[in-house]
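**Student:** Here is my input, please return the structure:
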Amino acid sequence: MAALEDFANEAANDIAKYTISVVLNPDKLTGEEYSISNLSWSSIKYGSDDIEQVPDDQRGIYAFAICYDNEILPPHGYILYIGIAGRNSSRSLRERYKDYLNERKVYKRARIARMIGNWHSVLRFYYAPISSDVTSDELQEIEKELNSALLPTFSEGDLEADIKRKRRAYR
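**Tutor:** Below you'll find the model as predicted:
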């Protein structure tokens, strides 16, 4: 029996811990109904080493994605979370990113703690600054549109109402 318990524990540590539900709807991915015509994305590896690259004077949209480039694996990635910096404020992308580096703040958000705890070594922070003439309402709308198109596993609330309802049917 001990060998079976060891196997079950090993499988849980190696497989189950990293299992997530993935939704990749080709119709949503290829849809072109966005309220903003274009976003210019940049990224840094998760951690504080490259934080100076993240704008400290602009609001915007951001995403966390699992990505790991090397000489053997083909290009790949999966977006786990999409959010915005500047929801009804002038809070910058860098200020928002720092929240995700603060262990105490992350710990209070169970889904985000799991995301960062499990994948921090292969996590990238993508960010797209937006111009100052984009309103907070417009910023929140693009967040909903992107979350509804990609349905990132760890994004829960910021979805279009009909998509949110349909997603609940499969949870």
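**Student:** could you pull out the helices for the chain?
**Tutor:** Secondary structure of the chain (DSSP state H): helices located at 2-14, 26-29, 93-101, 103-107, 110-119, 136-150, 161-168.
**Student:** of all those, which lies closest to Pro75?
**Tutor:** Among these, helix 26-29 comes nearest to Pro75, with 16.4 Å by C-beta to C-beta. For every residue, glycine as well, the C-beta is placed using N, CA and C.
**Student:** For that closest one, which residues meet the burial criterion?
**Tutor:** Within helix 26-29, no residue is scored as buried using 16 or more other C-beta atoms under 10 Å.
**Student:** Specify the beta-bridge partners of the residue sitting nearest the centre point of the chain.
**Tutor:** Centroid-nearest residue in the chain: Tyr81, 1.9 Å away (criterion: C-alpha atoms, centre = their mean). Note on Tyr81: beta-bridge partners Phe64, judged by DSSP bridges.
**Student:** and it, what does it touch?
**Tutor:** Tyr81 makes contact with Ala63, Phe64, Ile112, Met115, Pro152, Thr153, Phe154, Ser155, according to C-beta atoms under 8 Å, 6 or more residues apart in numbering.
**Student:** 6 Å instead, please
**Tutor:** Each residue near Tyr81 by C-beta atoms under 6 Å, 6 or more residues apart in numbering is listed here: Phe64, Pro152, Phe154, Ser155.
**Student:** I'd like the distance between the second one and Arg111.
**Tutor:** What it means is Pro152. 10 Å (C-beta to C-beta, to the nearest Å).
**Student:** what about the two, which has more around it?
**Tutor:** The neighbour comparison of Pro152 against Arg111 (other C-beta atoms under 10 Å) goes to Pro152, with 24 against 13.
**Student:** Near Asp137, how many other residues are there?
**Tutor:** Asp137: 9 surrounding residues under other C-beta under 10 Å.
**Student:** related to what we said a few turns ago, neighbour-wise, give me the winner out of the contacts of Tyr81.
**Tutor:** Neighbour max across those (other C-beta under 10 Å) = Phe64, 27 neighbours.
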